[in-house]
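[1] Here you go, sequence then predicted model.
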Amino acid sequence: MTQLPQSTDRKMGLVIDLDTCVGCHACVISCKGWNTENYGAPLSDQDAYGSDPSGTFLNRVHSFEVQPTPCQSNPAPEAQLIHFPKSCLHCEDAPCVTVCPTGASYKRVEDGIVLVNESDCIGCGLCAWSCPYGARELDQAEGVMKKCTLCVDRIYNENLEEVDRVPTCVRTCPAGARHFGDLGDPNSDVSQLVAERGGMDLMPEMGTKPVNKYLPPRPKDTIEEQIDILAPLLAPIAEEPQGFLGWLDKALDKLPGGNA
Amino acid sequence: MTIQQPKIDTSPKISDEIRRTTCYMCACRCGINVHMKSGKVAYIEGNRDHPVNKGVLCAKGSAGIMQVNAPSRLRAPLKRVGPRGSGAFEEISWEEALTMATDLLEPIRKDNPEKLAFFTGRDQSQSFTSFWAQHFGTPNYAAHGGFCSVNMAAGGIYTMGGAFWEFGQPDWDHTKLFMMFGVAEDHDSNPIKMGLGKIKARGARVIGVNPIRSGYNAIADEWVGITPGTDGLFILSMIHVLLKAGKIDLDYLSRYTNAPVLVNASEGAENGLFLRDADGKPLVIDRNTGELTAFNKPGVRPDLSATHTIDGVTHRPVFHQMVERYMADEYAPEAIADRCGIPAKRIRAIAGELARVAFDEAFELDKEWTDFRGEKHTKMIGRPVAMHSMRGVSAHANGFQTCRALHVLQIILGTVEVPGGFRFKPPYPKPVEAHPKPHYGVTPGKPLDGPHLGYVTGPDDLCLKEDGSAARIDKAYTWENPMSAHGLMHMVISNAHAGDPYKIDTLFMYMANMSWNSSMNTKGVMEMLTDKDENGDYVIPNIIYSDAYSSEMVAYADLVLPDTTYLERHDCISLLDRPICEADAAADAIRWPVIEPDRDVRGFQSVLCELGARLNLPGFVNEDGSQKYADYGDYIVNHQRKPGIGPLHGFRGDGTQAGRGDVNPEQLDKYIENGGFCVTHIPDGADYYKPWNAAYQDWAVEIGLYDSPQPYLFQLYSEPMRKFQLAAEGHGDRQPPEHLRERIKETLDPLPIWYETDQEGNQGFTVNALTQRPMAMYHSWGTQNAWLRQLHGRNPLYVPTKLMRQHGLSDGDWAKVTSPHGSITVPVMEMAALNDNTVWTWNAIGKRKGAWALEEDAPEATKGFLLNHLIHELLPPKADGMRWANSDPVTGQAAWFDLKVKIEKAGAPDDLPESQPVFEPIKSPVGTGPKNLAWKVGK
């Protein structure tokens, strides 16, 4: 079994905003493209044009319907659809590392990124079995375990401009729903965003201490609760067209350049 | 094991070279960085400098590598050797292909150019293809707008000189309330997502009006799951509430709209037209003087209230008519709530929120500007309410009026072209008068007498022959749909098959999958394309088709001209047709061959350059008869529409001129150097109030968008529509046929109305059925894509919980879905976040066996399906046996979303092997793709 580091210098990870994610899969395919061409073996596809196409992805978006609980202010709430992107959460207590029989899975001391050293990976699949999030996929062509690298080959890459030294999923996200940074530093932008928006751990009960955080959706369908504020705005100035035209004349006089 | 951290290379080389061009994985036209390794495409990402996407890229864009390497790419010109529809072809040389095409087209042009119908699909080169068609001389040209969103475009142009999407955008930097109507997950793509992200980051509110709560609507703070087709009623009800509360921008209405313009109340042929002065300027009463005055006179303060009496007839301003109409009880929230499926309280709350944000959160920008009346303003007033709308409003037979209603709502709140509101993108704003009118003057052997498509302003502009019959094969600009600004591509094949209004000889199409997902009545279209007359000849004698891929339509062509992929070609995203401008800037872009084709294929536009020369078309040959443009790249640089104005606005003349300037032979190189695009910013202070802002108008003239300043008023009341009504009332020489009089009177109302779409024949079909395009896939272009089809390879029919229970359905069951036109049997899936009387599915996932290089047992071909089979291009017969077009009576927009169905359970998941109907496989001209992929081009 493989040991985790006692601590890591930084806790690099993602903050994913579920209030903003539109479920477009941009992150999924950008990840597929970058990681097919870069770190380790390409992400392969089986039966690519056939009846049961299935490939390796390091990041997937799932969509869940949510039926809010009726309450006094909203006795018949509408169902909601939440888009939920999911990739490796680079857990502090990563069970996928400790379960690895060859030492291929490891968590980096300098930034906390969990990686697979493909040359040591025997494709036994124990790590995928141990991950409560289903974040690892065994590549069927190469027979090695693939997972999110947090684009370790981008975020320090001196061949990229500094602004581009972020994971490819973050760079590409059209809605800006993905944020990258050091979650070990309470003053980092991502930590502050988590604090402001009530960022959450995914399944904290599993005890994995995930580094990635999710920002919850904001409350929805509340406009009718504001009717007390809005109703006075809509107080009629007239019920009939004739009355309206009377009001209109006075109102026109009050405009800039008017007589009032 | 103890930690022995491997050393890894965290700074690998990214690529040999980045080639920057324009994406074409959908119609959004983002800038892309194509990373090359050893001359091959290694990776595609967004271009940070690009005005459209600013670095981001959607799933489609990133999957471009799978598109340019798709096994479905056509490889060489094809000549049909089996029956039409079989897919039996032989590969031929380009010389043979071009000779065949020339031999077909030359006699048509010589004798009767209208016998060529040239229609292009999702063509991004319409200013070029229309130029070709115009020089050929046929009146029968259009692109796909008629079955896409012509209601939106025309509703916007006729009301405010611009519409949504390519015409304008929300002021994302300032808006505090964003409301979208009928916006599925596509148009436009990345800019909407970026905008939503931007406004959500600062906590602004989003209201989504859509029967389906997915995509953008899923993240809306408020979801209005409206009954399809009733958006207009909902909007007019909010206008009712706002008028009653006096929550309208009177200053804006009086200055910038035709609300104060006086309407002629005299009986007769002028009734309902504007009072005008001797110069034709609409008249208002000046509140300063009480005098009748031209609307644009310096110093005039147009009066929204005053009337004018001549000879005992009182002429009232437009605004009086609006007040009278929309304050009526029929528009009260309580009166319309049930029909719209929205509680009255919710309608009031939303109207209240619009008013609160527009007026209580108004703000000012310290920008001076001068209006077209010469009045100087020291500030710009912001009203931070922005709206957007697309096909959910557009694709109904009441869509044009609904689009107009929506613009009226925006305008009475004073939110168009102001900070925080909705802003136009150059070349818009552009009033109807600044657009061409449609042309249809045919002379054998000569060009058409002008551009095909344009904006009519009354019956005189209709495209009618002397006998009153339609001049165009699609019957655009006729009494059936007088304001059909984009043509009616969806009617071309059925009209050509019926020989109504006349027979054609050759159907020439580009990028339009008419025998599958781009037609109503798909099976019927296949039959029309293969139907033979009593002599055994095809009823549509010749079909030429160009596509880059082995689409379903390929099988129905006699001659196939294989196009390149988007990374292998020149293109220009031109200010002459559908540019990529921003509200702050004019912008255009190019595509250029970042890779060379590895097949015997040619860019379609380059083929047209050669074909045009072979046919001796005036615009395509030099004086000595030689070919004028070697290829499309040559055309892009050297063509001039007017002296100094060409397809690209940037780097003209000596390379520093924008807009107007001589041809610059280095222009394409300059674009490539600049990242594939060129941006010219609107000066500060000219960037809002554009239709009335003298500084903007002058800038637009300077860069060649207009020839002279074109200030105008927003047309709350549409005089062109009134002219059609007047004809229907019996005035004028050009008269509609009797059977259309009543409909024209009713539906061409000059002030927005709502009407229930024609439900005759729909008795018993009560469930609304819709389609949406997924964000990660664009029409059929995505299904062949090995990565994207793993995201959206299946398209169940999504059924609301209530209907699932009612019909005893469970996920995966088969349901028979029936319309008056036909039935399909398809797999279902429950969805709760859905209007409870609406079913829907993803558009164009379903594929025909043998197409797109997919295996015949691909889920797209076995479980996938099209709703198109249920939608006919004609409505069910009326009592008199007549069948009217399933289109908007104003514009001819295909009314896809008026579909009504009934559903019943057809079996458990294992009871049926495949979705119904099943069609014979077509023989693939390209075989099928490889089994497995592990795509890595670098070492």
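    Cool, the structure landed.

[2] State the number of residues packed around the residue lying closest to residue B:249 once chain neighbours are set aside.
    Spatially, and ignoring its direct neighbours in sequence, residue B:249 is nearest to residue B:414 (2.8 Å; C-beta to C-beta, 6 or more residues apart in numbering or on different chains). Quick note: C-beta positions are derived from backbone N, CA and C, even for glycine. Using other C-beta atoms under 10 Å in any protein chain shown, the number of residues around residue B:414 comes to 25.

[3] quick one: residue B:414 and residue B:358 touch, right?
    Yes. Taking C-beta atoms under 8 Å as the definition, residue B:414 is a contact partner of residue B:358 at 6.8 Å.

[4] Low-confidence ranges, the chain, go.
    Going with chain A. A:1, A:257-260 (pLDDT under 70).

[5] Not quite, go with chain B.
    B:1-3, B:186.

[6] so where's the longest helix in it?
    helix B:94-111 (DSSP state H).

[7] Quick check: phi and psi at the residue of the stretch 301-450 of chain B found nearest chain A.
    Of all residues in the stretch 301-450 of chain B, the one sitting closest to chain A is residue B:352 (3.1 Å; C-beta to the nearest C-beta). Phi and psi for residue B:352, reported as degrees, to the nearest 10, are phi -60, psi -40.

[8] Need the overlap of contacts for residue B:414 and residue B:358.
    With contacts taken as C-beta atoms under 8 Å, 6 or more residues apart in numbering or on different chains, residue B:414 and residue B:358 have B:249, B:383 as neighbours in common.

[9] mind listing the strands for the stretch 151-260 of chain A?
    Using DSSP state E, counting those that start in this stretch, the strands found in the stretch 151-260 of chain A span residues A:178-182, A:213-215.

[10] With mean neighbour count as added columns, please give the ones you listed in JSON lines.
    Compiled in JSON lines, the strands of the stretch 151-260 of chain A are given as follows (neighbours: other C-beta atoms under 10 Å in any protein chain shown):
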{"stretch": "strand A:178-182", "mean neighbour count": "22"}
{"stretch": "strand A:213-215", "mean neighbour count": "23"}
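
[11] got those strands as a markdown table, with distance to chain B columns?
    Listed next are the strands of the stretch 151-260 of chain A as a markdown table, based on distance: least, C-beta to the nearest C-beta, whole Å:
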| stretch | distance to chain B |
| --- | --- |
| strand A:178-182 | 10 |
| strand A:213-215 | 10 |
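
[12] Let me know how buried the residue of the stretch 301-450 of chain B closest to chain A is, in neighbour terms.
    Residue B:352 has 24 neighbours, counted by other C-beta under 10 Å.

[13] right, is the helix or strand harbouring residue B:41 up against chain A?
    In this structure, residue B:41 sits in strand B:40-46 according to DSSP states H and E. Yes. When contact is scored as C-beta under 8 Å from any C-beta of the partner chain, part of strand B:40-46 falls within range of chain A: B:42-46.

[14] Would you check which pair of those residues lies furthest apart?
    Spatial extent of the residues of strand B:40-46 next to chain A (C-beta to C-beta) is set by the pair B:42 and B:46 at 15.5 Å.

[15] Mind splitting the chain into its structural domains?
    In the absence of a named chain, this looks at chain A. Per automatic domain parsing, the domain ranges recorded for chain A read A:12-219, A:224-254.

[16] other chain: chain B
    B:168-270+B:316-424, B:767-911.

[17] one step back: now do the next helix or strand after the strand holding residue B:41: distance to the chain's middle.
    The helix or strand immediately downstream of strand B:40-46 is helix B:59-62, counting by DSSP H and E. In this view, helix B:59-62 has its centroid 21 Å away from the chain centroid, taken as C-alpha atoms, centre = their mean, to the nearest Å.

[18] what does helix B:59-62 contact?
    A:24-26, A:28-30, A:32-33, A:172, B:23, B:25-26, B:30, B:32, B:44-46, B:53, B:189, B:775-778, B:782, B:788, B:791.

[19] Could you count how many residues lie near residue B:404?
    Counted with other C-beta under 10 Å, residue B:404 comes out at 29.

[20] got a list of what the closest residue to it other than its chain neighbours touches?
    Take residue B:404 and drop its neighbours on the chain: the residue closest to it by C-beta to C-beta, 6+ apart is residue B:752, 4.2 Å away. Residues near residue B:752 by C-beta under 8 Å, 6+ apart: B:232, B:236, B:401-402, B:404-405, B:408.

[21] Got phi/psi on residue B:752?
    Torsion angles, degrees, to the nearest 10, at residue B:752: phi -50, psi 140.

[22] for residue B:416, same thing?
    Dihedral angles (degrees, to the nearest 10) for residue B:416: phi -100, psi 130.

[23] Is residue B:778 in contact with residue B:27, as I believe?
    Yes. Between residue B:778 and residue B:27 there is a contact under C-beta under 8 Å: 7.5 Å.

[24] More neighbours: which of those two?
    Neighbours per residue, other C-beta under 10 Å: of residue B:778 and residue B:27, the larger number sits with residue B:778, 24 against 19.

[25] How about that one: what's its closest non-neighbour residue?
    Going by C-beta to C-beta, 6+ apart, residue B:778 has residue B:26 as its nearest residue, at 3.8 Å.

[26] Count residues in the vicinity of that neighbour, would you?
    Neighbours of residue B:26 using other C-beta under 10 Å come to 24.

[27] How about residue B:327?
    22.

[28] That one reaches residue A:244, doesn't it?
    Yes. Counting by C-beta under 8 Å, residue B:327 does reach residue A:244; the two are 6.2 Å apart.
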